[in-house]
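> need a 3D model of the sequence below.
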Amino acid sequence: MPTVSDLERILRAADLRVTRPRVAVLTAVHQHPHADTDSIIGHVRKDYGEVSHQAVYDVLRALTTAGLVRRIEPAGSVARYEARVGDNHHHAVCRSCGVIADVDCAAGQTPCLTASDDRGFVIDEAEVVYWGLCPECVAAGSGAATSETATSETAASETAALGGS
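Numbering: from 1, shown residues only. Presented below is the predicted three-dimensional model:
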């Protein structure tokens, strides 16, 4: 986990002014990967005191634009943020409890960037979301998603993967 001075250096290297809210939000994102905005606000307020919703939204936007955090939005989920940037990793999402885990590319440098037909695009990023049940939900026997729910989520994921957002 980066220290406050590490985070200050990271902000300066990205040409961002070091402010208390920026350090607080960046700390929360590092400590709580895949957290949504409301969770980040809660962590920042718990650790650093009062901060407005708008300040956190503004900081998240600035950090995302600067490439210091990554915004992900799995189908049916609110936006979530993570500090793991600069690689082309993917995510596994539990259909039952919604937990999200990082998943590295299957093999090689970034095989998912080699499309079977790139349609003339110069591809520099792929977003793959794996859906299933996390180990805890499997062990608990929960997550018996209806086939209708599973089918609609799969269709949404496939549509997004094909560029249909």
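
> and the helix or strand harbouring residue 130, what does it pack onto?
Element membership of residue 130 [criterion: DSSP states H and E] is strand 129-132. Counting contacts by 3 or more CB pairs under 8 Å, 6 or more residues apart in numbering; DSSP states H and E, strand 129-132 packs against strand 90-94, helix 147-161. C-beta here means a position set from N, CA and C on the backbone, and glycine is covered the same way.

> where among the ones you listed is average confidence lowest?
With a mean of 42, helix 147-161 has the lowest mean pLDDT of the helices and strands packed on strand 129-132.

> now the helices: where do they sit in the chain?
In the chain, the helices defined using DSSP state H lie at 4-13, 20-31, 37-48, 53-65, 135-140, 147-161.

> what angle separates the third one from helix 53-65?
Comparing the axes of helix 37-48 and helix 53-65 via axes from the mean of the first three to the mean of the last three CA atoms, to 10 degrees yields an angle of 110 degrees.

> rewinding a little: quick one: closest of the helices of the chain to residue 99.
Across these, residue 99 has its closest neighbour in helix 135-140 (7.7 Å, CB to CB).

> show me which residues of the closest one are buried.
Of all the residues in helix 135-140, those buried under the rule 16 or more other CB atoms under 10 Å are residue 137.
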